[in-house]
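Visitor: Let me see the structure of the following:
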Amino acid sequence: MNIRENQEIKFENLLSFRGKMTQQELTNEMMKIGQVLKDLGVKKNGPIISTTFSVELIDGQQVMDSEFLIPLDKEVELPKEYSFKKVFHLVNALCIRHNGNPNLIQNTYNQLNTFIQENRLQPITSGYNIPVNEVTDPSKLDEVIIDVYIGVNPCII
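Guide: Just a heads-up that it's a prediction; the model follows:
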């Protein structure tokens, strides 16, 4: 388990979308966002950052309250269902690298949470997933690399 401390990440000009949705609704929304960017003549300028605030079971389906942040190559006026964030800046974060199938990322989060508890740290953000490589071929899911960042309180009490 290789956890890096005092990490900092910064991205500018981001499309932000937050909502409660199932995995299928999420897939549909990402396709819709791709079309919106194309229609606006804007290009993605970095990895798609994702975070999940909560997960609940509704009518037997897993529904996630998630936010997606997509760095863009310029400032742009977005449709009302999206918001524009000038800057996403996370400081004093822990970072752990997940290698392999994204469906197993919970194991990586468990390792990070154990580290946080053992070191008596206080998380002040949710976990942000930032893909290091983009794998589009489903047969290569075991090659996925995702860095997970969680901001922690810099105060030692």
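
Visitor: distance of the residue most central in space within the chain from Asp59?
Guide: By C-alpha atoms, centre = their mean, the chain has its centre lying nearest to Ser50, at 1.9 Å. According to C-beta to C-beta, to the nearest Å, Ser50 stands 24 Å off from Asp59. Heads up, the C-betas are built off the backbone N, CA and C, glycines and all.

Visitor: Can you give me the buried ones in the longest strand along the chain?
Guide: Determined from DSSP state E, the single longest strand within the chain is strand 3-21. Neighbour-count burial for strand 3-21, counted by 16 or more other C-beta atoms under 10 Å, picks out Ile3, Gln7, Ile9, Phe11, Glu12, Asn13, Leu14, Leu15, Phe17, Met21.

Visitor: just to revisit the earlier point, how far does the host helix or strand of the residue nearest to the centre of the chain sit from the chain's center?
Guide: Applying DSSP states H and E as the criterion places Ser50 in strand 49-58. On the basis of C-alpha atoms, centre = their mean, to the nearest Å, strand 49-58 is displaced by 11 Å from the centre of the chain it belongs to.

Visitor: same deal with stretch 27-37?
Guide: Mean C-alpha position of stretch 27-37 versus that of the full chain (C-alpha atoms, centre = their mean) differs by 16 Å.

Visitor: One more: stretch 108-119?
Guide: Relative to the chain's own centre, stretch 108-119 is displaced by 18 Å; criterion: C-alpha atoms, centre = their mean.

Visitor: for stretch 69-79, same thing?
Guide: Distance, stretch centre to chain centre, for stretch 69-79: 16 Å (C-alpha atoms, centre = their mean).

Visitor: how long is that stretch end to end?
Guide: Using C-alpha to C-alpha, to the nearest Å, one end of stretch 69-79 lies 15 Å from the other.

Visitor: same deal with stretch 128-143?
Guide: Note: stretch 128-143 ends 19 Å apart using C-alpha to C-alpha.

Visitor: Now it: buried residues?
Guide: Tyr128, Asn129, Ile130, Pro131.

Visitor: repeat for stretch 142-157
Guide: By 16+ other C-beta under 10 Å, the buried positions in stretch 142-157 come out as Val144, Ile146, Asp147, Val148, Tyr149, Ile150, Gly151, Val152.

Visitor: Pull the contacting residues for the first one.
Guide: For Val144, the set of contacting residues under the criterion of C-beta atoms under 8 Å, 6 or more residues apart in numbering consists of His98, Asn99, Gly100, Asn101, Pro102, Pro131, Asn133, Val135.
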